[in-house]
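Visitor: Provided below for reference: sequence and predicted model.
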Amino acid sequence: MAQTAEKPVMLSEAVREKIRAYIPRYPSKRAVTLPALHIVHEHLRCVPFKAMEEIAEILEITPAEVHDTMSFYGFFPQAPIGETRLWMCRSISCMLTGGEELLAHTCQKLGIRAGETTADGKLTVEFAECLGICDFAPAALADDGRIFGPLDEAKVDAMLGELKRGPSLPS
Amino acid sequence: MADFEPVLSRNWNVPDSHTLPVYESRGGYQSARKALTTMDPDKVVALVKESELRGRGGAGFPCGLKWSFLPKDRKETFMCINADESEPATFNNRLLMERDPHQLIEGIILGCFATKASTAYLYIRYEYINAYRILEKAVAEARAAGFLGKDILGSGFNLEIYVHRGAGAYICGEETGLIESLEGKRGWPRIKPPFPAIEGAFRKPTVVNNVETLCCVPHIVERGADWFKSIGTPKSYGPKLYCISGHVNKQVCVELPLGVTARELIEVHGGGVWKGRKAKLVVPGGISMGFLTADELDTKLDFEDIRKPGCLGLGTAAVTVMDDHTSIVDYLYNTTRFFAHESCGQCTPCREGCAWIYKTMKRIKGGGGRLVDLDIMLQLASNMGMMPGTTICGLADGASWPIRNAMAKLRPELEDYINTHQEGVRQITPLQEAIFAGQLAEPNLISISLPILNKV
């Protein structure tokens, strides 16, 4: 066979099944958009356009509708992020207790800007508006659920060392 | 009030308080049992109405009244639980969900029973990762024990709770924004009317309640409306979780009767202002609500009194303390940046106004402010929001309130800052900045930060 008509598939059957499992929860299939984006993001560490097309196919909506929702949130990157995603809070309580300086310190230490990933692909650092962990201010949150705070420069260094060892599995 | 007994947080320090056996051993699910087996839904609505429970999410709308707006002849009702707690400095819902998820589930059961909803969507912000995991487990536990599912406790009442995760958007805490987001669309608030009670999620009658509001309901059912009204101040009844953070010795969340003063919160519960300093500004309930100055600390933090010194409302009762070394400019810069980042972009006055005010604050902070900027900011702030009638939701009101309060209360300090911070400033764009620095400008960096920057 010189050319097959089969399109390359980005989402595995297991991922598709996970998405389909959400459909009975809602009166409309479109409501599964956000859960589907989260599932894809969890598996691929990003949501490429091809994946959005496939989500649209499963949910029987247009790819534009998926993209519309996806792009609203600024949460789903197009290219893979690091093994661990770290949010550092810059909102009022953390700002007052030194959060902005700690974000700058983190970026300087890692040699990246906020929103970028380290060269070894281990860590993506982003600023965040209030993470709701103000009792730990100035605080940071890893996307595996670990909370760090109250931070100072020494604790940031310790935190980065810990994060470089990889994500922790949920108990 | 020395004899105040905390109820919402009573299980927080019990080991394994997030598990069903511990919750049941502490008297849990008795209110659900009582309501489902001995009361009819209208009676629960009447009881909550009588207790004058006001929504804890920010607006303070009476909960029972909200429930009674549902059309009598409805066939299907949805309940949405707003756990998209994103107001800066607020974290009480997180603690309620992490430490006592079954209390919330019992509240949801009662709320759904009263409103005849058989499906509840718990919309939780993505950043509450641990709370999400705990809730998923708790819902499964409750279902296995027969508190969720079909024919709960033999009453014929059916209920399913689904936990739905957000994706980091402040605006989805607005009830119609939440509904749109739940439906899989961008979280743009809807024009009201129709209110969600008439046409909400999936075009069906819908109730949207905050986590803390629902957590109050089991206690009202258990102890009665009179008990609830014996706590707090007139028109603001019941217990409230106050979050204290910022420049205090102890950043905590405490449960107190509504109407505690800001001074008591700081001195008694927050352990005083840090480093032995004095409080300069106190934000009463999330940054949308404006602020109190040092002279106004004896204001009662309830739904009514807080308006007297010109604050927007109680909000989420998240108190942020700033010491006397804090500049009003830093505070305003932070709040305006937040709202410029979180404005959803639907209504022009808010989208453009928030960004404009932020750019102006950035210039003032950078040493290029003009006195006329203060008037421009005040004019912008006074003309965006629901109150002037120019936007769909209240985000812009919240964005404008810190500016309005600052102009009314601390304008001399702002003028002083501008007069003493005049540096050689030129206006450049991020693209120009990147070219000057010899960097390749990132296309998405430019599109998200179009504001004009100032660099010396």
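Guide: Cool, the structure landed.
Visitor: kindly list the main-chain dihedrals of B:Leu122?
Guide: phi -100, psi 100 (degrees, to the nearest 10).
Visitor: sec struct for the closest residue to it other than its chain neighbours, please.
Guide: Excluding the flanking residues, the one nearest B:Leu122 by Cβ to Cβ, 6 or more residues apart in numbering or on different chains is B:Ile81, at 4.4 Å. C-beta here means a position set from N, CA and C on the backbone, and glycine is covered the same way. Here B:Ile81 is strand, with the state taken from DSSP: H, G, I helix; E, B strand; the rest coil.
Visitor: list the contacts for A:Lys18?
Guide: Contacts here follow Cβ atoms under 8 Å, 6 or more residues apart in numbering or on different chains; on that basis A:Lys18 touches A:Ile39.
Visitor: pLDDT score assigned to it?
Guide: We have a pLDDT of 97 for A:Lys18.
Visitor: which strand or helix spans it?
Guide: Element membership for A:Lys18, per DSSP states H and E: helix A:13-20.
Visitor: could I get the buried residue list for that helix?
Guide: A:15-16, A:18-19 (16 or more other Cβ atoms under 10 Å in any protein chain shown).
Visitor: before we move on, what about stretch B:382-398?
Guide: Those would be B:384-386, B:391-398, for stretch B:382-398 by 16+ other Cβ under 10 Å.
Visitor: how about CSV for these, with pLDDT added?
Guide: Written out in CSV, the entries for the buried residues of stretch B:382-398 read as follows (pLDDT from 0 to 100):
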residue, pLDDT
B:Met384, 95
B:Gly385, 94
B:Met386, 94
B:Thr391, 97
B:Ile392, 96
B:Cys393, 96
B:Gly394, 95
B:Leu395, 95
B:Ala396, 96
B:Asp397, 96
B:Gly398, 96
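Visitor: just the closest of the buried residues of helix A:13-20 to B:Asp3, please.
Guide: Using Cβ to Cβ, the shortest approach to B:Asp3 within the buried residues of helix A:13-20 belongs to A:Lys18, at 51.7 Å.
Visitor: can you tell me how far that closest one is from chain B?
Guide: 14 Å (Cβ to the nearest Cβ, to the nearest Å).
Visitor: from B:Tyr126, how far off is that residue?
Guide: 17 Å (Cβ to Cβ, to the nearest Å).
Visitor: with B:Gly146 instead?
Guide: Taken as Cβ to Cβ, the span from B:Gly146 to B:Tyr126 is 31 Å.
Visitor: just to check, B:Glu199 is in contact with B:Pro205?
Guide: Yes. Counting by Cβ atoms under 8 Å, B:Pro205 is a contact partner of B:Glu199 at 7.2 Å.
Visitor: these two: who's more crowded?
Guide: Neighbour count, other Cβ atoms under 10 Å in any protein chain shown: between B:Glu199 and B:Pro205, B:Pro205 has more, with 24 against 17.
Visitor: just the pLDDT for that one.
Guide: Reported pLDDT for B:Pro205: 97.
Visitor: how far off centre is stretch B:107-116?
Guide: 22 Å (Cα atoms, centre = their mean, to the nearest Å).
Visitor: typo on my end, it should be stretch B:337-353
Guide: 18 Å.
Visitor: mind listing what's buried in it?
Guide: For stretch B:337-353, by 16+ other Cβ under 10 Å, it's B:337-344, B:346-347, B:349-351, B:353.
Visitor: same question, stretch B:401-419
Guide: B:401-407, B:409-410, B:414, B:417-418.
Visitor: point me to the helix or strand that includes B:Glu106.
Guide: For B:Glu106, the host element (DSSP H and E) is helix B:101-115.
Visitor: how about the residues of the stretch 201-350 of chain B near chain A?
Guide: Residues of the stretch 201-350 of chain B that fall close to chain A, judged by Cβ under 8 Å from any Cβ of the partner chain: B:202, B:204, B:243, B:245-247, B:251-253, B:283, B:287, B:318, B:320, B:322, B:326, B:330-331, B:334-335, B:338, B:341-342, B:344.
Visitor: from those, which land in helices?
Guide: B:330-331, B:334-335, B:338, B:341-342 (DSSP state H).
Visitor: tell me where chain A has strands.
Guide: A:84-89, A:123-128, A:140-142, A:147-148 (DSSP state E).
Visitor: avg pLDDT for the longest helix along chain B?
Guide: Counting by DSSP H, the longest helix found in chain B is helix B:348-365. Averaging pLDDT along helix B:348-365 gives 94.
Visitor: tally of neighbours for residue 165?
Guide: I went with chain A, as the question did not name one. Counted with other Cβ under 10 Å, the neighbours of A:Arg165 add up to 10.
Visitor: that answer is for a different chain, and I need it for chain B
Guide: A count of nearby residues for B:Arg165, using other Cβ under 10 Å, gives 20.
Visitor: measure it to B:Gly64 for me?
Guide: On the measure of Cβ to Cβ, B:Arg165 and B:Gly64 end up 29 Å apart.
Visitor: so what's residue 149 up against?
Guide: I went with chain A, as the question did not name one. A:133, A:136-140.
Visitor: chain B was what I was after
Guide: Per Cβ under 8 Å, 6+ apart, neighbours of B:Gly149: B:143, B:158-160.
Visitor: ok, and which of these reach chain A?
Guide: B:Glu160.
Visitor: out of the contacts of B:Gly149, which are buried?
Guide: Using 16+ other Cβ under 10 Å, the buried ones in those are B:143, B:159-160.
Visitor: follow-up on the earlier one: name the helices or strands packed onto the longest helix of chain B?
Guide: With contacts taken as 3 or more Cβ pairs under 8 Å, 6 or more residues apart in numbering or on different chains; DSSP states H and E, helix B:348-365 sits against helix B:328-342, helix B:371-382, helix B:395-409, helix B:411-420, strand B:453-455.
Visitor: by contact count, what packs against the first one?
Guide: Helix B:328-342 makes packing contacts with helix A:92-96, helix B:348-365, helix B:395-409, helix B:411-420 when contacts are defined by 3+ Cβ pairs under 8 Å, 6+ apart.
Visitor: switch the ones you listed over to JSON lines; also include distance to B:Pro194.
Guide: Output for the helices and strands packed on helix B:328-342, formatted as JSON lines (distance: least, Cβ to Cβ, whole Å):
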{"stretch": "helix A:92-96", "distance to B:Pro194": "35"}
{"stretch": "helix B:348-365", "distance to B:Pro194": "22"}
{"stretch": "helix B:395-409", "distance to B:Pro194": "20"}
{"stretch": "helix B:411-420", "distance to B:Pro194": "42"}
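Visitor: check which helix or strand covers the nearest residue to B:Arg190 once chain neighbours are set aside.
Guide: Closest residue in space to B:Arg190, ignoring its immediate chain neighbours: B:Thr176 at 3.9 Å, by Cβ to Cβ, 6+ apart. Per DSSP H and E, B:Thr176 falls inside helix B:175-182.
Visitor: who does the longest strand anywhere in chain B pair up with?
Guide: Secondary structure of chain B per DSSP E: the longest strand is strand B:239-246. The strands beside strand B:239-246 in its sheet (DSSP bridges) come out as strand B:252-257 (antiparallel), strand B:318-323 (parallel).
Visitor: closest one to B:Gly107 among those?
Guide: Among the strands paired with strand B:239-246, strand B:252-257 sits nearest to B:Gly107 (Cβ to Cβ), with 15.3 Å.
Visitor: now do the helices in chain A.
Guide: A:13-20, A:33-44, A:49-59, A:63-73, A:92-96, A:99-110, A:153-164.
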